[in-house]
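Novice: No sequence on hand, only this structure:
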């Protein structure tokens with residue numbers, strides 16, 4: 001019972017963090033100059049365009065370490081580790 005309660009608490013925290021991040025504007029982390037935006041949340045998908053450090057993006061949703069973004073008039077998936085909320 002205690003393990004189930006802890007697991008549920010961790011899951012709820014992760015859901016709230018993802019929900020808080022989605023729908024916001026963010027900036028690409030400065031230590032990574034260019035990042036590829038993909039057509040789906042995997043690196044074996046088509047490469048659509050790149051975003052540069054400091055570029056503003058809109059985050060539509062977050063899923064399994066990836067963020068669905070809009071930037072430069074396009075929409076695609078970017079690895080979540082390269083994004084921080086400004």
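Specialist: That came in fine, so what should we check first? Please read these numbers as outputs of a predicted model, since none were measured by experiment.

Novice: how about stretch 34-53: buried residues?
Specialist: Judged by neighbour count using 16 or more other Cβ atoms under 10 Å, the buried positions of stretch 34-53 are 35, 36, 37, 38, 41, 48, 51. Quick note: C-beta positions are derived from backbone N, CA and C, even for glycine.

Novice: Output those in CSV; the columns should cover distance to residue 62.
Specialist: Output for these, formatted as CSV (distance: Cβ to Cβ, whole Å):
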residue, distance to residue 62
35, 16
36, 18
37, 15
38, 15
41, 10
48, 18
51, 16
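
Novice: ok, then the element right after the longest strand along the chain?
Specialist: Longest strand in the chain, counting residues (DSSP state E): strand 56-63. Moving toward the C-terminus from strand 56-63, the first helix or strand encountered (DSSP states H and E) is strand 66-71.

Novice: Would you reformat the buried residues of stretch 34-53 as a markdown table and include pLDDT and secondary structure?
Specialist: Listed next are those as a markdown table, based on pLDDT from 0 to 100; DSSP: H, G, I helix; E, B strand; the rest coil:
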| residue | pLDDT | secondary structure |
| --- | --- | --- |
| 35 | 90 | strand |
| 36 | 94 | strand |
| 37 | 95 | strand |
| 38 | 97 | strand |
| 41 | 97 | coil |
| 48 | 97 | strand |
| 51 | 90 | strand |
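
Novice: Next one: residue 59 relative to residue 44, how far apart?
Specialist: As judged by Cβ to Cβ, to the nearest Å, residue 59 and residue 44 stand 22 Å apart.

Novice: go on, residue 67?
Specialist: With distances taken as Cβ to Cβ, residue 67 is found 18 Å from residue 44.

Novice: which stretches of the protein form helices?
Specialist: Along the chain, counting by DSSP state H, helices occupy 2-21.

Novice: low-confidence ranges in it?
Specialist: Across the chain, the ranges flagged by pLDDT under 70 are 1-31, 85-86.

Novice: so how far is the first residue of stretch 51-62 from its last?
Specialist: End-to-end distance of stretch 51-62 (Cα to Cα, to the nearest Å): 17 Å.

Novice: Okay, buried residues for it please.
Specialist: 51, 57, 59, 62.

Novice: And the residues you listed, which is closest to residue 82?
Specialist: Among those, residue 51 lies closest to residue 82 (Cβ to Cβ), at 8.7 Å.
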